[in-house]
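# model the structure of this input:
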Amino acid sequence: MATAIHNTFHIPATANRYVEYTSVEELQDIIPTLQGRPFLHIGGGSNLLFTRNYEGTIIHSRILGAETVEEDADTIQLRVGSGEVWDDFVAHCVSHGWYGAENLSLIPGEVGASAVQNIGAYGVEAKDLIDEVECIDLVTGEWRVFNNSQCNYAYRSSIFKHEMKGRYAVVYVDYRLSKHFRPKLEYGNLSTYLEGKDVTPATVRQAIIDIRRSKLPDPEVLGNAGSFFMNPVVSIEKYEEIRREYPDVPHYDVPDGVKIPAGWLIEQCGWKGKALGRAAVHDRQALVLVNLGGATGAEVLHLCHTIQSEVSRQFGIDINPEVNVI
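Sure, this is the predicted structure:
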């Protein structure tokens, strides 16, 4: 019997089988039933676009909890279950005086996905906090621990999205957080928003929550997967070329070039607030594609491809989805 797949785009996709596990042992018992058949491990469904029903098994972690691994005067290492809601974890850290994750407030999804996607916002990425990622091999059932360097982290990328895609299930993520608050306010309008206010971990977290809510639609109201596209990194020469025509182009210097917001590129192409059928670009944040109601995954994907073509034609820049298209 087909079961509905949880996804924040609210695409009415089904799977042949949907299984949740609450422990490593339960996952290891499930693994033999997966062999020779298609399966997909998902998190909270906040980074998925289903273009069809899934003819296989969907598995999902419900491993919860956070425990202290080690602690000293400066840092604390926490081992967190992959099924924990990410923002609940951030709130927990801020309330206990453990810092570093506050800039990642209100990012949807679960702890396991933070290690796979290398989630990031406001100048901070998950890789900045991760010590180790504990996994189960979905072929052999064996336990394997990847240290930070072995995860091959890059912008919205990891070994779990590329070389080892589909091979491992993340069961625990070990984060190292600081006991000393060092605010990062350089990105976006965060410093402007906090001007005149006491800059504390709680006020930084609340500012980011307020800014995100003002720009991003609630997926319970309007189906979406948050930021749909990754921000492209271009060469300095390409950036200078664009700046000659658009002197106010927003940008961030990064080690391998210049990062230009994909939302800005999409907006310059006239797509902000524009719809194609039942899929649309959000009217307050062009980086977000939304389901206006009843859209299929194919409709959202068609909108994605149309926008990619327009940005490439106008700017000569390729923008790629951050969302996993199934």
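# now for whichever helix in the chain runs longest, which elements pack on it?
For the chain, the longest helix by residue count, based on DSSP state H, is helix 297-315. Counting contacts by 3 or more C-beta pairs under 8 Å, 6 or more residues apart in numbering; DSSP states H and E, helix 297-315 packs against strand 48-49, helix 262-268, strand 275-276, strand 279-281, strand 288-291. Where you see a C-beta, it was placed from the backbone N, CA and C, and this is true even at glycine.
# same list (these) but as CSV, adding mean pLDDT and distance to H251.
Shown next, in CSV, are the helices and strands packed on helix 297-315 (pLDDT from 0 to 100; distance: least, C-beta to C-beta, whole Å):
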stretch, mean pLDDT, distance to H251
strand 48-49, 92, 28
helix 262-268, 96, 9
strand 275-276, 96, 29
strand 279-281, 97, 21
strand 288-291, 95, 20
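# so of the ones you listed, which one's packed in deepest?
Of the helices and strands packed on helix 297-315, the one with the most neighbours on average (mean count of other C-beta atoms under 10 Å) is strand 288-291, at a mean of 26.
# as CSV, the helices and strands packed on helix 297-315 with distance to C151 would be great.
CSV is the format used below for the helices and strands packed on helix 297-315 (distance: least, C-beta to C-beta, whole Å):
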stretch, distance to C151
strand 48-49, 21
helix 262-268, 24
strand 275-276, 37
strand 279-281, 32
strand 288-291, 27
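# for R313, find the nearest of these.
helix 262-268 (11.3 Å; C-beta to C-beta).
# chain center to the closest one, what's the gap?
19 Å (C-alpha atoms, centre = their mean, to the nearest Å).
# any idea which residue sits dead centre in this structure?
I119 (4.4 Å; C-alpha atoms, centre = their mean).
# ok, now how distant is E25 from L40?
With distances defined as C-beta to C-beta, to the nearest Å, the gap from E25 to L40 amounts to 21 Å.
# same check, this time on M230
Distance, M230 to L40, using C-beta to C-beta: 21 Å.
# and the strands in the stretch 1-150 of the chain?
Using DSSP state E, counting those that start in this stretch, the strands assigned to the stretch 1-150 of the chain run over residues 3-4, 14-21, 39-42, 48-49, 54-61, 66-71, 75-81, 120-121, 124-125, 130-137, 143-147.
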